[in-house]
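please find the sequence and the predicted model below.
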Amino acid sequence: MTAPTPSTSASHGYISDKHRYLARLKRIEGQARGIHRMVEEDTYCIDILTQISAITSALNNVALGLLDDHLKHCVVGAAQDGGAEAEEKIKEASDAIARLVRK
């Protein structure tokens, strides 16, 4: 499955919080490196699983924030314009939600 190609002229809903998302992703990256180091150092399994739970929660929070931004910006804008783009944006959001809740 390929991701839709974004328009180069459109701005994304997260653009006003881009610095915040990048900072959160940088912290998550550091957490992932920490987990790698824990495995290398033969850290106790439960301690590693605790860190994996933390990083999973952090990623979910980023995903939910991006989804919220997408709904407020991209979906609302397309719905106001109407037409096929509105249906496409609603389907994209529904598909993204389905991917997030799939276990």
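Looks like it arrived, so ask away.

which stretches of this protein form strands?
Counting by DSSP state E, no segments of the chain form strands.

quick check, central residue of it?
Centroid-nearest residue in the chain, with Cα atoms, centre = their mean: Ala63, separated by 2.7 Å.

residue contacts, that one?
Counting by Cβ atoms under 8 Å, 6 or more residues apart in numbering, Ala63 touches Leu100. All C-beta spots, glycine's among them, are computed from the backbone N, C-alpha and C.

now the helices: where do they sit in the chain?
Using DSSP state H, the helices of the chain run over 18-40, 45-70, 76-81, 84-101.

closest to His12 out of these?
Set against His12 and scored by Cβ to Cβ, these come closest in helix 45-70, at 7.5 Å.

just want the angle from the closest one to helix 84-101.
Between helix 45-70 and helix 84-101, the angle formed by their directions is 170 degrees, by axes from the mean of the first three to the mean of the last three Cα atoms, to 10 degrees.
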